[in-house]
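# Got a sequence here, can you model it:
(2 chains)
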Number of protein chains: 2
Amino acid sequence: MIIDGKKLSNQLDNSMKAEVAALRESGIEPKLVVIIVGNDPASQIYVRNKHHKAIKLGITSIIERRPQDFTQPELLTLIDQYNRDESVHGILVQLPLPKQIDESAIIRAIAIEKDVDGFSPENVGKLFNNSHDHYPVSCTPKGIMTMLAHYNIDPEGQHAVIVGDSNIVGRPMGALLLNAGATVTYTHILTKDLSSYTRTADILIVATGVAHLIKAADIKPGATVIDVGMDRDENGKLVGDVDYDHAKDVAGAITPVPGGVGPMTITSLMQQTLELAKVANNRTLETVK
Amino acid sequence: MIIDGKKLSNQLDNSMKAEVAALRESGIEPKLVVIIVGNDPASQIYVRNKHHKAIKLGITSIIERRPQDFTQPELLTLIDQYNRDESVHGILVQLPLPKQIDESAIIRAIAIEKDVDGFSPENVGKLFNNSHDHYPVSCTPKGIMTMLAHYNIDPEGQHAVIVGDSNIVGRPMGALLLNAGATVTYTHILTKDLSSYTRTADILIVATGVAHLIKAADIKPGATVIDVGMDRDENGKLVGDVDYDHAKDVAGAITPVPGGVGPMTITSLMQQTLELAKVANNRTLETVK
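The predicted model follows:
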């Protein structure tokens, strides 16, 4: 089975469009602010994509562009302005930031109820403690949980193996799966005999940035394989961290690259913007983590 | 090898005594406030033990006892008073709290720089993100890391398996081991074929509250086995979650119950009080997580 993230994200986008229209009818205008500092070319593309997606769904999107030499105090002032602006529901500061700015200080400065990337320590702590509150979570793992649910893959009692323990993907992914009842193994660059872990995974999440790290022989037959990688092979072709062409014959379900996790991340960002807008307006959330 | 937590905690207590004396010489008076609400008999003993240990080391200890019907607003007011009191370095609210009080609201109310139990979401998030800041961590896992270091057991590249994923022990324990470079597996009540995980553990941490859950056959020969359990067997004898008498012949290193993890937890609480006192006074910390 191919887990079609592109198709699912399109479906979710369509229902969000209707939801945003209904929210606007009822007087709630979901609003996202994206702040970008400097000229990183990849960041420019990401920010543009987020902006276009928001507009397409009817979410009000503000992009704040600042020069490469923007200072930390200036950035903190800008964030504070939007923290205090009640019309804004989500604030996202595009990473990486120029060297003169301390990223962790910036992440901590975003009001936790507008932390649409879910990176603030308080929201991360709530995730790791499986808190009963609503809290935003990192968008890539959130999108993966949505895909698993849509394809009726229940993590409870399954062995989930995470390859790559970054704060943005691997770590929150493991916490979400643990909260969903999975047995969770975190593997990473220091793990010895990686294959001995991946071959026991019922659900394998790969987020390393190493093209074709995971081969068919590393996969348990029938496993669900989620590939977060967006790498280039020797010919410059976009490939994942999993050797898809051979892995698909072993896996029970697998995400392609492109068209798997990627489209779900941006859709999850939009879903989370809506969730924060609804929480800010005391609306009930239908989605439960 | 027997990992002697009692002996190690005595050693650490002795050096802390000297350290507290030196801090007092230099004008810093480490001060811990423990708040207990209601009459839970076990909590009364824990609080008394903490108080006596603090006094023994020269740490100023204040116990605030409040009746079973103390309200949440009253407790928040009491915490706020100590949050604002610059002479206080650590605030601990003994759990569990009476039903009329929301524990998570109370934990969040403690100033993060005085959160000596390390339970606040922001400190938990910093732990889970392996933040470079200083932050307090839950005392039982902290004590276990101290024991491992003292016995020259380096988690880097080792497979650490956690049995029991509570917020107080299992989860922060896994995060500390992950931060130290271990491959970490979280197992729990929903895990299928638990033994298939425990038998691959180089470092096995058991914190379930189930007497003798882990038998010799569940342990990899030569593994380090850390038993957090404090259970009663059918004869009322204090035992651990590990069947120590048989497990000790298989394990490479093992903690007894009693005399293993237990004494280290309270010593770690005192260490953390000192760390918070030093951070509050801009002193350098010798201990690095």
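# Just the mean pLDDT for stretch A:247-260, thanks.
Average pLDDT, stretch A:247-260: 98.
# List the contacts of the helix or strand bottoming out on mean pLDDT in chain A.
Scoring the helices and strands of chain A by mean pLDDT, DSSP states H and E places strand A:231-232 at the bottom, with a mean of 94. By C-beta atoms under 8 Å, 6 or more residues apart in numbering or on different chains, the surrounding residues in contact with strand A:231-232 are A:Gly209, A:Val210, A:Ala211, A:His212, A:Leu238, A:Val239, A:Gly240, A:Asp241. C-beta here means a position set from N, CA and C on the backbone, and glycine is covered the same way.
# Would you quantify the distance from the closest residue in space to the third one that isn't next to it in sequence to A:Ser166?
The reference is to A:Ala211. The shortest distance from A:Ala211 to any non-neighbouring residue, by C-beta to C-beta, 6 or more residues apart in numbering or on different chains, is to A:Asp231 (3.7 Å). For A:Asp231, the distance to A:Ser166 equals 15 Å [C-beta to C-beta, to the nearest Å].
# what does A:Cys139 give?
In terms of C-beta to C-beta, A:Cys139 sits 13 Å off from A:Ser166.
# If you count surrounding residues, which of the two has more?
A:Cys139 (25 against 18; other C-beta atoms under 10 Å in any protein chain shown).
# Nearest spatial neighbour of the more buried one, chain-adjacent residues omitted?
Spatially, and ignoring its direct neighbours in sequence, A:Cys139 is nearest to A:Ser268 (4.2 Å; C-beta to C-beta, 6+ apart).
# Identify the residues contacting the one you found.
A:Ser268 neighbours (C-beta under 8 Å, 6+ apart): A:Cys139, A:Thr140, A:Lys142, A:Gly143, A:Thr146.
# any idea how far A:Gly38 is from it?
Computed as C-beta to C-beta, the A:Ser268 to A:Gly38 distance reads 25 Å.
# Tell me how far the closest residue to A:Tyr151 other than its chain neighbours lies from chain B.
Excluding the flanking residues, the one nearest A:Tyr151 by C-beta to C-beta, 6+ apart is A:Ile3, at 5.7 Å. A:Ile3 sits at a distance of 23 Å from chain B (criterion: C-beta to the nearest C-beta, to the nearest Å).
# A:Ile3 against A:Ala253, yeah?
Yes. If you go by C-beta atoms under 8 Å, A:Ile3 and A:Ala253 touch, sitting 5.4 Å apart.
# can you list the residues of the stretch 151-289 of chain A near chain B?
For the stretch 151-289 of chain A, the residues in contact with chain B (C-beta under 8 Å from any C-beta of the partner chain) are A:156-157, A:165, A:167, A:171, A:174-175, A:178, A:181-188, A:190-192, A:196-197, A:200.
# just checking, which of those belong to strands?
The members of those that map onto strands under DSSP state E are A:Thr183, A:Val184, A:Thr185, A:Tyr186, A:Thr187.
# re earlier: give the bridge partners for the residue nearest to A:Ala211, please.
A:Val239 (DSSP bridges).
# Quick one: residues contacting A:Ile35.
A:Ile63, A:Glu64, A:Arg66, A:Leu75, A:Leu78, A:Ile79, A:Ile91, A:Leu92, A:Val93, A:Gln94.
# which element is the first one on?
Per DSSP states H and E: A:Ile63 is located in strand A:60-66.
# Would you mind listing the buried residues in that strand?
A:Thr60, A:Ser61, A:Ile62, A:Glu64 (16 or more other C-beta atoms under 10 Å in any protein chain shown).
# wait, doesn't the last one sit right on A:Val34?
Yes. The pair formed by A:Glu64 and A:Val34 meets the contact definition of C-beta under 8 Å, at 7.1 Å.
# And A:Ile144, how far from A:Thr198?
Distance, A:Ile144 to A:Thr198, by C-beta to C-beta: 17 Å.
# Which residue of these two possesses the greater neighbour count?
Neighbour totals were compared for A:Ile144 and A:Thr198, and A:Ile144 leads with 28 against 25 (other C-beta under 10 Å).
# Now do the same contact list for that one.
Applying C-beta under 8 Å, 6+ apart, one finds that A:Ile144 lies in contact with A:Met173, A:Leu176, A:Ile205, A:Ile226, A:Val228, A:Val261, A:Met264.
# now, among the residues you listed, which is nearest to A:Ser104?
Nearest to A:Ser104 among the contacts of A:Ile144 is A:Met173, at 20.4 Å by C-beta to C-beta.
# A:Pro155 versus the residue lying closest to the closest one once chain neighbours are set aside, what's the distance?
Nearest in space to A:Met173, with sequence neighbours left out and distances taken as C-beta to C-beta, 6+ apart, is A:Pro141 at 3.9 Å. Noted for A:Pro141: a distance of 12 Å to A:Pro155, by C-beta to C-beta.
# For the two, work out which one has more neighbours and name it.
The neighbour comparison of A:Pro141 against A:Pro155 (other C-beta under 10 Å) goes to A:Pro141, with 29 against 23.
# Can you pull out the residues in contact with the helix or strand containing A:Ile162?
Following DSSP H and E, one finds A:Ile162 within strand A:159-163. Residues from elsewhere that reach strand A:159-163, judged by C-beta under 8 Å, 6+ apart: A:170, A:173-174, A:177, A:182-188, A:194, A:197-198, A:200-208, A:213-214, A:241.
# quick one: the nearest residue to A:Val47 once chain neighbours are set aside and chain B, what's the gap?
Among residues not flanking A:Val47 along the chain, A:Ile36 sits closest, at 4.9 Å (C-beta to C-beta, 6+ apart). As judged by C-beta to the nearest C-beta, A:Ile36 and chain B stand 23 Å apart.
# A:Ile36: what's it in contact with?
Residues counted as contacts of A:Ile36 (C-beta under 8 Å, 6+ apart) are A:Ser43, A:Gln44, A:Val47, A:Ile63, A:Glu64, A:Arg65, A:Arg66, A:Val93, A:Gln94.
# Swap in 7 Å and give it another go.
Contact analysis of A:Ile36 by C-beta atoms under 7 Å, 6 or more residues apart in numbering or on different chains lists A:Ser43, A:Val47, A:Ile63, A:Arg65, A:Gln94.
# Can you pick out the most distant pair from these?
A:Ser43 and A:Ile63 (11.4 Å).
# what's stretch A:211-222 in contact with?
Stretch A:211-222 is touched from outside by A:163, A:195, A:198-202, A:204, A:206, A:225, A:229, A:231-233, A:239, A:241-243, A:246-247, A:249-252, with contacts defined as C-beta under 7 Å, 6+ apart.
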